[in-house]
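[1] Coordinates only, no sequence provided:
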């Protein structure tokens with residue numbers, strides 16, 4: 001009997017994704033502790049400057065909540081929708097009272113488990129893509145259990161976009177939620 005459910009495997013693949021992108025960008029990726037996980041933080045990324053476009057901070061951090069799903073997002077007006085379960089997690093992500101900026105990273109996986117990962121002698125491939133969004137400044141939810149968030153489709157979590165996040169934070173510019181369509 002395999003103790004890992006498909007949901008566990010999806011989650012682990014999101015950790016592998018963030019590790020790979022952070023490492024390739026030259027940043028460290030530390031997995032959150034049990035206490036941080038209870039506060040909605042799955043990982044902390046740390047990067048060191050100089051950063052593209054300059055900034056006065058030479059070391060910056062961003063905390064990440066990771067999600068993975070096989071449910072395809074609705075793609076509308078340049079945004080991907082995602083239903084974030086857990087209003088306390090939503091509130092943590094939208095808080096302006098935290099000193100280290102937080103982002104939500106959602107890995108959209110293919111529906112078929114056999115398509116999630118492939119490997120050959122030349123490549124190891126994780127299929128589909130993760131996107132990021134800052135919910136800082138988002139409106140309070142009127143729902144009891146989940147909140148739909150809108151992720152700009154241009155915000156793939158790749159090396160370039162991650163480095164841009166670090167550069168912005170180095171200038172004391174924290175990403176904020178734009179509300180979507």
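    Yep, it's here. Predicted model, so just to flag it, every value in this text is computed and none were measured.
[2] three-state assignment of the nearest residue to residue 158 once chain neighbours are set aside?
    Counting by C-beta to C-beta, 6 or more residues apart in numbering, residue 158 lies nearest to residue 21, which is 6.4 Å off, once chain neighbours are set aside. (Glycine included, C-beta is placed from N, CA and C.) Using DSSP: H, G, I helix; E, B strand; the rest coil, the structure places residue 21 in helix.
[3] ok now do residue 21, which residues does it touch?
    Residue 21 is in contact with 130, 157, 158, 159, 162, counting by C-beta atoms under 8 Å, 6 or more residues apart in numbering.
[4] Also residue 91?
    140, 141.
[5] Residue 116 too?
    Going by C-beta under 8 Å, 6+ apart, residue 116 touches 9, 10, 13, 109, 110, 126, 127.
[6] you'd agree the first one is in a helix?
    By that I understand residue 9. Yes: under three-state DSSP, residue 9 sits within a helix.
[7] Next, count neighbours for the residue lying closest to residue 42 once chain neighbours are set aside.
    Counting by C-beta to C-beta, 6+ apart, residue 66 is the residue found nearest to residue 42 once chain neighbours are left out, at 4.3 Å. Counted with other C-beta atoms under 10 Å, residues neighbouring residue 66 total 24.
[8] Would you confirm that residue 66 contacts residue 13?
    No: the pair residue 66 / residue 13 is not scored as a contact, 9.7 Å apart, by C-beta atoms under 8 Å.
[9] rewinding a little: tell me the pLDDT at the residue nearest to residue 42?
    The score at residue 66 is 97. That number is its pLDDT.
[10] Now it, what are its backbone angles?
    phi -100, psi 140 (degrees, to the nearest 10).
[11] How much space separates it from residue 36?
    12 Å (C-beta to C-beta, to the nearest Å).
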